[in-house]
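Participant: Got a predicted model here, sequence first, then my questions.
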Amino acid sequence: MVSLAAASKAGYDFNAKYNCPASLKIGNRVFTNYESKGAGLISMRTAIALSCDTVWYQIAYDQWVKDGGLSPKGNLNDFFFKAAKGFGFGKQTGVDLPSESSGRLANREWKQSWYEANKNFFCNYKTKAIPAQQTPLLIAIAKENCVDGAKIRAGDAVNFAIGQGDTTATPMQMIQMYAAIANGGTIMKPTIGRAILDNKGKIIKEILPQRVGKLPLDKPTLAFMQDALQAVVTEGTARYPFTGFPVAVSAKTGTGEVFGKNLDGSEKDTTSWLVSYAPSEKPKYAVLMMVSQGGTGSLTSGPSVRKIYEAIFGVTGSKADPLRSLFPSGPPSVIPRLTTDGRILPPMKLKSSAKNGG
């Protein structure tokens, strides 16, 4: 969604057709779609639904060239970096949990600081790297990083466009972003606690919803984004896990490639994730699942996210029963009551309106 926001700022037409080849050569490296599948000329909406990486590779590369490539201009557009910052990458959400990570926004400023911290290592790689890292490829990369490791290269730009490379994000950051897409663009501070009570149930401090920002989107782009996320479920990469689901869900799948090997010498598998909200038209809930070395987002995270929504909406098979839902009368809006010994009383349940116990 960051790339869609960047494309909007750069003036791309959402109603135009874009080429989705199986691969795209940038310099001397070939960047591919996941599983190297192409889709031909497709709309921007379909590019999101099918998760066509090569569309975003091309857009990101073209914008990198316009910004000067390896010799950046003085007045940079940096549409992708700026959009990511506006979505909250590289910034703590402020959730009331200890030791929250801010993730990493691998923009030009970060690349410069990374270079300054690692230049000595790369320029003395043969004496500082362990024997296992003394491969021809890694030595060549070290030599390149020693000379101009602070520069944003073409590969950095195209990887950034699909969330690969040096940028990282926490599940909490991702759910905050997609909740903002769902609610119309307002970034809210996530909270675990609802209030602080004493042992007699008296409110010491109430924790109220807090707006912390707005997504960098105009209304047409936000509407297009919401429609595209629904298309991911109805005709795209999340179609499989949500087939027959009675509540409209909007989602985006992700399959993050991971460099390196496991302790047994096997290659690390991809990170599976799926982030979503529902119902699509009047969202109430946002659900995310991320599985380290879990494979694809659709096949691993998708079915589990569906199970969560089944519990939330009281779904059995292809039918939803509000009386079987997690919150029959809606999400709790009042602070729960306590017993005299400090235990939290369960929420009140609705009684079935059917006669004769049916």
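Facilitator: Perfect, thanks for sending it. Please read these numbers as outputs of a predicted model, since none were measured by experiment.
Participant: CA only for contacts and neighbour counts going forward, please
Facilitator: Will do.
Participant: got the end-to-end distance for stretch 309-328?
Facilitator: Its start and end residues considered, stretch 309-328 measures 14 Å (Cα to Cα, to the nearest Å).
Participant: list the buried ones in that stretch?
Facilitator: For stretch 309-328, burial by neighbour count (16 or more other Cα atoms under 10 Å) applies to 309-310, 312-315, 320, 322-328.
Participant: and it, average pLDDT?
Facilitator: Throughout stretch 309-328, pLDDT has a mean value of 94.
Participant: Off-centre distance for it?
Facilitator: Centroid separation for stretch 309-328 versus its chain: 26 Å, with Cα atoms, centre = their mean, to the nearest Å.
Participant: Also stretch 65-84?
Facilitator: Offset of stretch 65-84 from its chain centre (Cα atoms, centre = their mean): 23 Å.
Participant: Compute the first-to-last residue distance for that stretch.
Facilitator: Stretch 65-84 has an end-to-end distance of 19 Å (Cα to Cα).
Participant: Can you name the residues in contact with that stretch?
Facilitator: For stretch 65-84, the surrounding residues in contact (Cα atoms under 8 Å, 6 or more residues apart in numbering) are 2-3, 5-7, 9-10, 60, 63-64, 105, 107, 151-154, 160-161, 216.
Participant: As JSON lines, the buried residues of stretch 309-328 with secondary structure and distance to Lys252 would be great.
Facilitator: As requested, the buried residues of stretch 309-328 are exported to JSON lines (DSSP: H, G, I helix; E, B strand; the rest coil; distance: Cα to Cα, whole Å):
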{"residue": "Tyr309", "secondary structure": "helix", "distance to Lys252": "15"}
{"residue": "Glu310", "secondary structure": "helix", "distance to Lys252": "18"}
{"residue": "Ile312", "secondary structure": "helix", "distance to Lys252": "19"}
{"residue": "Phe313", "secondary structure": "helix", "distance to Lys252": "20"}
{"residue": "Gly314", "secondary structure": "coil", "distance to Lys252": "23"}
{"residue": "Val315", "secondary structure": "strand", "distance to Lys252": "21"}
{"residue": "Ala320", "secondary structure": "strand", "distance to Lys252": "23"}
{"residue": "Pro322", "secondary structure": "helix", "distance to Lys252": "26"}
{"residue": "Leu323", "secondary structure": "helix", "distance to Lys252": "29"}
{"residue": "Arg324", "secondary structure": "helix", "distance to Lys252": "27"}
{"residue": "Ser325", "secondary structure": "coil", "distance to Lys252": "24"}
{"residue": "Leu326", "secondary structure": "coil", "distance to Lys252": "24"}
{"residue": "Phe327", "secondary structure": "coil", "distance to Lys252": "25"}
{"residue": "Pro328", "secondary structure": "coil", "distance to Lys252": "27"}
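Participant: what's downstream of the helix or strand of the chain with the lowest mean pLDDT, the next helix or strand?
Facilitator: Ranked by mean pLDDT, DSSP states H and E, the helix or strand of the chain with the weakest confidence is strand 195-197, at a mean of 88. On the C-terminal side of strand 195-197, the closest following helix or strand by DSSP states H and E is strand 203-206.
Participant: partner strands of that next one, parallel or antiparallel?
Facilitator: Strand pairing for strand 203-206, using DSSP bridges, gives strand 195-197 (antiparallel).
Participant: Distance from the partner strand to the middle of the chain?
Facilitator: So, by Cα atoms, centre = their mean, the centroid of strand 195-197 is 31 Å from its chain's centroid.
Participant: List the buried residues in that strand.
Facilitator: Leu197.
Participant: Repeat that for stretch 158-172.
Facilitator: For stretch 158-172, the neighbour count (16+ other Cα under 10 Å) marks Val158, Asn159, Phe160, Ala161, Ile162, Gly163, Gln164, Gly165, Thr167, Ala169, Thr170, Met172 as buried.
Participant: Stretch 22-33 too?
Facilitator: Within stretch 22-33, the residues scored as buried using 16+ other Cα under 10 Å are Ala22, Ser23, Leu24, Phe31, Thr32, Asn33.
Participant: Done for today, thanks.
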